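> sequence first, predicted coordinates after that:
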Amino acid sequence: MKIYSKFCTILKSTASFNERHFVDKMKIKVKAGDGGKGCVCYYRDRIVVTGAPDGGDGGKGGDIYLKASEQIYDLSIIRKPHVIGNNGKQGMKLKCNGKTGSDIKVSVPLGTLVFEIKSDDTKELIADLDQHNKECLVAKGGSGGKGNARNIGIREVQLGQQGQEKDIFLEVKTLADIGLVGFPNAGKSTFLAAASRALPKIADYPFTTLNPMVGKVRFVDNMEMTIADIPGLIEEAHNDKGLGHEFLRHIERCRLLLYVLDGQAGNIEGQLQILKNEIKEYNEKILQKPYIVCVNKADLIKEDFDYIMISAKHGQNVGQLLLKCKYQIEKIRNEIQMNKQQEKENEKSYQIKRQQLEKELFGSTEKSN
């Protein structure tokens with residue numbers, strides 16, 4: 001298998017490992033624009049002293065949207081906790097309506113969950129931004145005040161409505177085809193570097209990877225898949241030990257799990273069992289995902305195992321492992337596509353039957369009348 005490095009891009013979660021902290025949770029307050037005031041005035045010129053009403057309506061306030069972008073990797077791009085929309089302009093004479101306030105679109109990472117914080121501090125999920133360029137309206141701008149050109153009875157200036165104001169909670173859950181699962185120093189970051197020409201921080205101490213990183217691999221047939229390197233898992237992680245939940249919640253949305261075991265550490269089956277147990281204790285449904293197991297650092301051990309043996313450092317069998325992952329991801333994508341197609345066909349069949357039933361029901365009623 002040949003992977004062209006010029007086509008392999010890295011979507012790093014941090015611009016620099018020492019410059020800023022990875023932000024995957026944030027609370028913001030959004031306030032959409034207010035509507036502009038309506039205008040109350042009457043036509044006048046050199047001949048007509050008091051003519052017909054000609055005051056225009058106020059402009060609508062601008063809306064606030066959140067928009068998913070695959071070019072953004074965490075929420076640190078949102079520098080201020082308050083997002084304030086643009087107000088509509090006031091209506092004017094000669095039936096001129098005020099200008100609508102321009103909408104604001106705030107870019108957030110792909111995989112962002114959007115919650116509205118209610119008055120009782122509960123959170124209600126309002127959007128899952130799981131597709132590139134997918135948008136979510138979080139605050140609607142207020143309507144403009146009425147002018148007296150089209151509302152002749154108005155004698156006083158009518159104010160525009162206020163824009164919606166909400167408290168929003170954002171949470172990023174890594175969205176990738178493949179999630180790398182393993183203990184610290186198992187070689188996940190090295191594998192990501194070998195697979196996608198990524199340049200994660202790699203060193204010989206626990207928790208080298210403190211933040212999720214996503215690498216993209218493009219094959220010669222133009223098929224692409226993304227691989228997430230997530231902070232190493234340790235025993236008792238489900239009790240929030242180590243990086244705990246900060247790791248586990250990031251694998252919930254991966255389509256395929258790739259267990260990376262440390263061949264040099266020994267007890268391969270024990271490693272795998274601990275990893276599975278920790279995931280099970282956190283969320284048993286994650287274990288239902290398809291998975292592949294590989295043993296890294298094959299160049300340092302003589303023993304052979306029943307799993308795929310690789311050396312991420314030297315590239316040994318990395319290509320074969322990626323091909324196996326590619327096959328699994330294509331299979332999963334095809335199943336998802338088939339399920340979506342089946343849902344569309346079921347919906348279409350339901351609508352046809354409903355129309356037939358309504359026709360029979362209302363048709364018989366009309367005949368009886």
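Right, received. Where do you want to start?
> use CA for all of it now, contacts and neighbours both
Noted.
> how about the strands in the stretch 51-200 of the chain?
With strands called from DSSP state E, counting those that start in this stretch, the stretch 51-200 of the chain shows them at 64-69, 82-84, 104-109, 112-117, 123-129, 135-139, 165-172, 178-181.
> which of those sits most buried?
With neighbours defined as mean count of other C-alpha atoms under 10 Å, these peak in mean count at strand 178-181, which reaches a mean of 26.
> quick one: strands adjacent to that strand?
strand 224-229 (parallel), strand 256-262 (parallel) (DSSP bridges).
> show the average pLDDT along it.
Taken as a whole, strand 178-181 has a mean pLDDT of 91.
> which residues touch that strand?
188, 225-230, 232-233, 251, 254-260, 275 (C-alpha atoms under 8 Å, 6 or more residues apart in numbering).
> domain ranges for the protein, per the record?
Using automatic domain parsing, the domain parsing of the chain gives 25-172, 178-331.
> which of those domains sits closest to Tyr350?
domain 25-172 (26.6 Å; C-alpha to C-alpha).
> returning to that earlier point: could you export the strands paired with strand 178-181 as JSON lines, including distance to Lys289 and mean neighbour count?
JSON lines is the format used below for these (distance: least, C-alpha to C-alpha, whole Å; neighbours: other C-alpha atoms under 10 Å):
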{"stretch": "strand 224-229", "distance to Lys289": "15", "mean neighbour count": "23"}
{"stretch": "strand 256-262", "distance to Lys289": "6", "mean neighbour count": "24"}
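> where does pLDDT dip in the stretch 201-350 of the chain?
By pLDDT under 70, the low-scoring segments of the stretch 201-350 of the chain are 201-211, 232-247.
> go again using 80 as the cut-off
201-214, 230-250, 302-304 (pLDDT under 80).
> figure out which of the domains of the chain is closest to Gln355.
domain 25-172 (31.5 Å).
> let me see the contact set for the closest residue to Val106 other than its chain neighbours.
Excluding its sequence neighbours, the residue lying closest to Val106 (C-alpha to C-alpha, 6 or more residues apart in numbering) is Leu66, at 4.8 Å. Under the criterion of C-alpha under 8 Å, 6+ apart, the neighbours of Leu66 are Lys105, Val106, Ser107, Val108, Glu135, Cys136, Leu137, Val138.
> re earlier: any chance of the domains of the chain in CSV, plus distance to Met338?
Shown next, in CSV, are those (distance: least, C-alpha to C-alpha, whole Å):
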stretch, distance to Met338
domain 25-172, 19
domain 178-331, 11
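> quick check: which of those is nearest to Glu343?
Of the domains of the chain, the one closest to Glu343 (C-alpha to C-alpha) turns out to be domain 178-331, at 18.5 Å.
> which strands or helices does the strand or helix carrying Glu347 pack on?
Take DSSP states H and E as the rule and Glu347 turns out to sit in helix 318-368. The helices and strands touching helix 318-368, judged by 3 or more C-alpha pairs under 8 Å, 6 or more residues apart in numbering; DSSP states H and E, are helix 188-196.
> burial count for Gln316?
17 (other C-alpha atoms under 10 Å).
> name the nearest residue to it, sequence neighbours excluded.
Gln316 sits nearest to Ile310 (C-alpha to C-alpha, 6+ apart), 5.3 Å away.
> adding distance to Leu175, write the strands paired with strand 178-181 out as JSON lines.
Formatted as JSON lines, those follow (distance: least, C-alpha to C-alpha, whole Å):
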{"stretch": "strand 224-229", "distance to Leu175": "8"}
{"stretch": "strand 256-262", "distance to Leu175": "11"}
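> nearest to Gly33, out of those?
Closest among the strands paired with strand 178-181, once you apply C-alpha to C-alpha, is strand 224-229, at 38.3 Å.
> which other residues reach the closest one?
The contact list for strand 224-229, computed with C-alpha under 8 Å, 6+ apart, reads 174, 176-181, 188-189, 192, 209, 212-218, 326, 329.
> and what of stretch 121-141?
30-35, 60-70, 85, 87, 110-118, 162-166, 169, 175.
> residue closest to the middle of the chain?
Gly111 (2.2 Å; C-alpha atoms, centre = their mean).
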